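1. What follows is a protein structure lacking sequence information:
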């Protein structure tokens, strides 16, 4: 996987320079200083040697084949440098130079051309407009970053070069080791998915940390991210919470969804741990890199001060984990060994005068206790506190069987202790809350790892019927599929819809109503009217012939008055749906991640409370059920306030069928079943109203 | 205010010692080293001098009157030391010694005795079991803390001595100055309220920071905290999120409330800014201490890297503030002066190679722009970045008219810059998100400062009637006031209740129903039955005589079969309430903060969605309206989904009447009006059901 890029045997730097401050100097200097053991080839027509290394005027005379070419020449010369690199046999190219897509259309065209040249020769391209690449284990620093990070288990993929420098600076200050640092720049060829794949197989990488501003190839991302997350933790920060208001959606589902929700759904599916803040990104990665995963959510807290112990306990409870009750043996052991004033409940208070031995005693007891899955150790700088010695004592206890996260609170007095912790591989947090948040991220990952296998049910459906309806709509230039035909589509995918038929005259309406039986609903059918009730185009619960005739005439005369220009197909006469709980099932298509399903309780719960959940299609039965459970109003489905529970499986089944429909037909942009009326177990749910919108261009 | 404690002219240390490591040595040493300018009197019968200061065997021969006595003798000797201090004229006493209330009943008794002795002589007591007191401006370090903080504007009140040491250590590391550090210990006499009052008048204190584990005198706390917050920001962290499950509540309101909700309501009332985490406590206080308050919520962001700029913009939007659109002049000015690749929109991207001048240019432009209320400046360590120089340049621009919060991201490379920022009084945060959170805390405080004056409406009510009902219930040994009498209580406070009367026979039931008019509701009336419907004791919508007779007989026979032991008062016949929106108004009494009002939409919104708000009584009309607005389901009251809006004022009026009732009658422990049926403007709301619980003991 990207062998010649990440682990090259030879590296050329085109544009290597003798002038400190220039990117071509800094990059080459980093390679030399970093102690890279392979062959280094500086290329510069005006120099004989740079930093003591023989310099070449171009790549023609270098002799051996080349693995990696790093390009740091002015924008205008990049294309030529790429071509000469390929001619010299380079298998990978990094273009550090900026001035491409990010500056406008000309730059974008040039970038595309360079990517095309590389692709034609099977050469992989990283950048342009990036900081470069670091592989600490390979002693390769092919970047113009100011410093080489210490060797460690965290590999970084960053879409911002500037952030890379902040990460490197942070890693140096906290003495956190990195494996790879990859600045992906404009992603002309290689993007986050390529590197996720490579790093998932990189044996030096224990955790993948990523900073992303966008993901363009959603399907590929989900696939490789899930594969990577199955092997090692992937922690990503995605910035740019765009407002949902941007696009005009024609469905509830569309208007409630947004890019950020799609990213959330994609990360959830792929098992990616999402860091909501810059500090959380580091906090989580440090825990994953340094400590084993917890087996469960029962947390023990050890502290030399009451207050911070309560802070930690509060944070554990708020996070949904448990402040464990210590085993009887542990309590007895602690009560024998600790001073009588110590608290031997959880939090274990080892008291303000605790020495390193007392901390070690408490930590060992917690490590031995089967009721403890993870341990938070807190130290405050009291008069007697020996921070460095305590850090060493704690490190001496750790056995790799349970995660131990440490909080040394304060500043200067605890700093020597913090340094010992970093050296010993114990993650250290400035506050109890941040230690607990990192632990919760670990536990979330454990839960995802334990997920059931994803088996997507395939239902037997009438796909041809749907094809015909869609084709017919495209031919007629209609992107909106109205209620009647939308129900036909859904019926073809196994949904139950009320009996009904289109009437073109009042006599026909009467005949249909008599045939399907009263009470009936009547709804105006017109391609130009989406919100039927706004035009007085819906009448419900009509219980006899007279009511039907009256309604027909009234509807026609009103519509002709209010919207004289619209084309009318007639009036849809339909059997009234039976009563039940109204829910909404919807679908919208995200530009990057494809079809996304929505579930919510009908009416106010969606419109007012915005109590909905989203999942990417295709979904499994298990995921469909999770969608129901994760709404706040789930209790109502279970039967709050003396009502009988509804048939959850019928909703989950509906979600899976929509999932299949959306997957089968990329032409469908948005879909709402609103309401979907569900009853108790044994009662078939009914589609009371539905609407489908097609995408602008037919994608076969 | 606490003159002799906070600014003493003379300080005795009883138990001053020559042995380093002992509390009596460390405390006296701190006083000497700190450079305290007043008279120092070490008291120790076995020494002639300590650290060069003449030592006294006891306080009898010290000559002048004494301001402050600091006691650091063993627990058993504390009482005698207190007595001798008072005899020597001490006006304030700090007991550092531990071993009192925190170790058990004997210690608690001794603590009480000491507090009694001090109170009898009008001597104020701080502690016991505390770290002591620091006043940096007075050069007074009467504590056994390891270090003296730099002089500054933050004063700390802490219920945890251990946390004080962490705060001191943090302040030293971040070069943040403190004014006072007060470790309140067991609060035998002086508590948080006393010190809030004193610090609100202390001219050296710009911000009050507090860490609390409990508040025992709630009313006093709210009064002094509100007074303090009106003068300067008060930022508190309250730990110990107790589970609501602890107590058995007999009302919805009671079961939804909890100690943490009461603290939240008290802080909201008093204008206290609540810090949810240890880091937030520091972050907020630093911003308040160093920067002016913003005039509005329009934020400008200046950055030398795109990614962190987006992080900041995301955080501003999520916090509910605005990423401002810069003024036209600003944009023009920036586009002239900055390189063409720079972004002159907001965030303003000064580019990776930005020098201090470019930062200063952008900051000055934002400070000049009327569309900007606050500024976040972000720096990442790029190759060209000069962190220290940039910090100085930024500090040179600041004019005190708008808050400027800074984020220098990274570690070692930006550290020199961070130190310059601290020196120059610019608050610095490790991530954009934390800077934004601190700014939001400032803006919340600004909003609170702008609140309308609190004018509590007093309604004309029939207080005597309620007194009689309560007295009658206490005499009968009944703490539950059932529906009928609860409605009488509410009617006496101006609520409209449906016409109704108690019937003891079926004939009487019929007569009442005929008189008040159909349809009627019938409800069993019994002191022993709280949940009437569980016993089949409620029938609604009875529309004729036959239905009433049937219901009466059925109800009586069923109740006698299902609950033969209960005492029956009869059946309550009531006019059916008209239709409308069902809401709940409730009240519960918190042990510390007194009556607390609840509002929520009826039924599922309270029971399932827990969509309720709490406010402390007494409330104003403005606060009552805020209670409605702050529920998620508020949109329903406004008339979502085509319904007409309900009369908000009628609900706000009801809340204020309950507020008055709860304030007038401390005997009322809990109250639910559920449902309170409200209609459109002009329709009088009706109490459809109600329940009141009295407190165990009558408090007149």
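-> Received it, and whenever you're ready, just let me know what you need. Predicted model, so just to flag it, every value in this text is computed and none were measured.
2. what's the domain layout of chain A?
-> A:3-287, A:298-449, A:499-575, A:581-694 (automatic domain parsing).
3. In a markdown table, list the ones you listed along with mean pLDDT and distance to chain B.
-> Yep, even glycine has a C-beta here, placed from its N, CA and C like the rest. Below are the domains of chain A laid out as a markdown table (pLDDT from 0 to 100; distance: least, Cβ to the nearest Cβ, whole Å):
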| stretch | mean pLDDT | distance to chain B |
| --- | --- | --- |
| domain A:3-287 | 92 | 2 |
| domain A:298-449 | 94 | 2 |
| domain A:499-575 | 86 | 9 |
| domain A:581-694 | 91 | 4 |
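4. Any chance of those in TSV with mean neighbour count as columns?
-> Supplementary listing: these in TSV, determined by neighbours: other Cβ atoms under 10 Å in any protein chain shown:
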stretch	mean neighbour count
domain A:3-287	21
domain A:298-449	21
domain A:499-575	17
domain A:581-694	20
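5. Same list, these, but as JSON lines with distance to residue B:512 please.
-> Shown next, in JSON lines, are the domains of chain A (distance: least, Cβ to Cβ, whole Å):
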{"stretch": "domain A:3-287", "distance to residue B:512": "49"}
{"stretch": "domain A:298-449", "distance to residue B:512": "52"}
{"stretch": "domain A:499-575", "distance to residue B:512": "36"}
{"stretch": "domain A:581-694", "distance to residue B:512": "29"}
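6. Between these, which one is closest to residue B:325.
-> If you check each of the domains of chain A against residue B:325 by Cβ to Cβ, domain A:3-287 wins as the nearest, at 14.2 Å.
7. Regarding that closest one, how distant is the last residue from the first?
-> 29 Å (Cα to Cα, to the nearest Å).
8. What segments of the stretch 251-400 of chain A are strands?
-> With DSSP state E, counting those that start in this stretch, the ranges of strands along the stretch 251-400 of chain A come out as A:273-274, A:298-303, A:322-323, A:348-349, A:374-379.
9. Partner strands of the first one and their direction?
-> Meaning strand A:273-274. Strand pairing for strand A:273-274, determined by DSSP bridges: strand A:234-238 (parallel).
10. got the contact list for the partner strand?
-> Under the criterion Cβ atoms under 8 Å, 6 or more residues apart in numbering or on different chains, residues A:196, A:207-213, A:215, A:225, A:228, A:260, A:263, A:267, A:270-278, A:280-281, A:284-285, A:288, A:441 lie in contact with strand A:234-238.
11. at 7 Å instead, please
-> With contact meaning Cβ atoms under 7 Å, 6 or more residues apart in numbering or on different chains, strand A:234-238 is reached by A:196, A:207-212, A:225, A:228, A:263, A:267, A:272-275, A:278, A:281, A:284-285, A:288.
12. Over to stretch A:377-386?
-> Identification of contacts with stretch A:377-386 by Cβ under 7 Å, 6+ apart yields A:301-305, A:308-309, A:312, A:352-353, A:355-356, A:363, A:387, A:390, A:394, A:404, A:406-410, A:413-414, A:417, A:432, B:26, B:144, B:146, B:162-163, B:165-166, B:169.
13. Helices - which of these land there?
-> Counting by DSSP state H, these place A:308-309, A:312, A:356, A:363, A:387, A:390, A:394, A:417, A:432, B:26, B:162-163, B:165-166, B:169 in helices.
14. gap between the nearest residue to residue A:160 once chain neighbours are set aside and residue B:380?
-> Once flanking residues are discounted, residue A:160 sits nearest to residue B:307: 3.5 Å by Cβ to Cβ, 6 or more residues apart in numbering or on different chains. Counting by Cβ to Cβ, to the nearest Å, the gap from residue B:307 to residue B:380 is 8 Å.
15. Likewise for residue A:274?
-> Separation of residue A:274 from residue B:380 (Cβ to Cβ) stands at 22 Å.
16. and what of residue A:528?
-> When distance is defined by Cβ to Cβ, residue A:528 is 53 Å away from residue B:380.
17. And residue A:667, by the same measure?
-> Taking Cβ to Cβ, one finds residue A:667 at 45 Å from residue B:380.
18. The stretch 501-650 of chain A: strands as residue ranges?
-> Assigned by DSSP E, counting those that start in this stretch, the strands in the stretch 501-650 of chain A fall at A:520-525, A:538-542, A:570-575, A:581-590, A:594-601, A:612-616.
19. packing partners for the last one?
-> Right, strand A:612-616. helix A:259-270, strand A:594-601, helix A:621-629 (3 or more Cβ pairs under 7 Å, 6 or more residues apart in numbering or on different chains; DSSP states H and E).
20. Residue B:587 is nearest to which of these?
-> That would be strand A:594-601 among these, by Cβ to Cβ, at 30.1 Å.
21. so the closest one versus helix A:621-629, what angle?
-> Angle of strand A:594-601 versus helix A:621-629, following axes from the mean of the first three to the mean of the last three Cα atoms, to 10 degrees, is 50 degrees.
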